[in-house]
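**Q** Requesting a structural model of the entry that follows:
(one chain, ligands or ions: 2)
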Amino acid sequence: MDALNPITIKPIRTLKDNYVWVIINNASHTAVIIDPGEADPVITFLNDNKLSLLAVLITHHHWDHTNGIPGIINHSDVPIYGPAAEKIPSVTNIVFENIQIDIPGFPTLQALDIPGHTIGHIAYYSPGILFCGDTLFAAGCGRIFEGTAAQMYSSLQKIAALPEDTKIYCAHEYTLNNLRFAATVEPSNKKINERIQSVTELRHKNLPSLPSTLREEKETNPFLRCHEPELRIHAEEHIGQTLTTPIAIFTALRQWKNNF
Ligand code: ZN
Ligand code: FE
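**A** Residues are numbered from 1 along each chain as shown. Ligands and ions are numbered 1, 2, ... in the order given. Okay, here's the model as predicted:
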């Protein structure tokens, strides 16, 4: 245990490829979890590590981020924070843009509205760390299920404006597949190939490819690179029309990725 910095963040694997992130205060043996799609692996982790749960944070309403809530409440009756604009049973504390969440012993977290994947999707941010659910993925972004492409684009731009050393804790292990798409749409970007190699090594060892940093994402994530001429050229070739704005390029890339 590091007495000066008692906070660590660990992943719990759930379902097919979800991560439930756990923020741990090693001094007080307490924990906060994000997006429990299942209860049992979370409860096992808390018991194995002798941690008391203090709160649950939810980024959006999808079942693979929320189905574990009832089982977790059954285990420890803690506050459940969730987006104001989405109906999620059992949420006790609604959050929206700029709401600050103060949990004793934990960094203050700020809610950011990042609609697009779902209409009320939020992220939890503290300097250096971002829990962004299914909005920004490593080398990719979430599908646009409820919002518009313009909303998703501006949510990603909002994340891109955070400090570059911010660690990105997203909710799925999609990185390798996302990087294959990134290499297809921007083949001359050497950083993408380097990242494919490093992520392949991690995955061979069955280690998570996460968290990444916002810097890595800006270097390799096509959905944060819509201003790059090479991406525009490939998106235009794919769609067969001229694309004049970054949002139009983003929209074409997102549709291309949907069928990749
Ligand atoms: Zn989702
Ligand atoms: Fe998901």
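**Q** Can you report how many residues neighbour Leu176?
**A** Per other CB atoms under 10 Å, the neighbour tally for Leu176 reads 16. The C-beta positions use only the backbone N, C-alpha and C, and glycine is treated the same way.
**Q** What's the separation between it and ligand 2?
**A** Distance, Leu176 to ligand 2, by CB to the ion, to the nearest Å: 17 Å.
**Q** Angles on the backbone of the nearest residue to that residue once chain neighbours are set aside, please.
**A** In space, and not counting its chain neighbours, Leu176 is closest to Val199: 5.6 Å by CB to CB, 6 or more residues apart in numbering. Phi and psi for Val199, reported as degrees, to the nearest 10, are phi -70, psi -40.
**Q** which residues does Val199 contact?
**A** Ala138, Thr175, Leu176, Leu179, Ser209 (CB atoms under 8 Å, 6 or more residues apart in numbering).
**Q** Contact partners for the second one?
**A** Each residue near Thr175 by CB under 8 Å, 6+ apart is listed here: Phe137, Ala138, Ala139, Gly140, Val199, Ser209, Leu210, Ser212.
**Q** returning to that earlier point: okay, and which of the contacts of Val199 map to helices?
**A** With helices taken from DSSP state H, the overlap with the contacts of Val199 comprises Thr175, Leu176, Leu179.
**Q** Could I get the residues you listed in JSON lines, plus columns for distance to Ile43 and pLDDT?
**A** Shown next, in JSON lines, are those (distance: CB to CB, whole Å; pLDDT from 0 to 100):
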{"residue": "Thr175", "distance to Ile43": "27", "pLDDT": "98"}
{"residue": "Leu176", "distance to Ile43": "30", "pLDDT": "98"}
{"residue": "Leu179", "distance to Ile43": "33", "pLDDT": "98"}
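**Q** Spell out which parts of the protein neighbour ligand 2.
**A** When proximity is defined as CB under 5 Å from the ion, the chain approaches ligand 2 at Asp64, Asp134.
**Q** mind showing which ranges of the chain have poor pLDDT?
**A** Across the chain, residues meeting the criterion (pLDDT under 70) sit at 1-5.
**Q** circling back to that earlier point, switch the contacts of Val199 over to a markdown table; also include distance to Ile69.
**A** Output for these, formatted as a markdown table (distance: CB to CB, whole Å):
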| residue | distance to Ile69 |
| --- | --- |
| Ala138 | 26 |
| Thr175 | 27 |
| Leu176 | 30 |
| Leu179 | 32 |
| Ser209 | 27 |
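**Q** I am finished for the moment; much appreciated.
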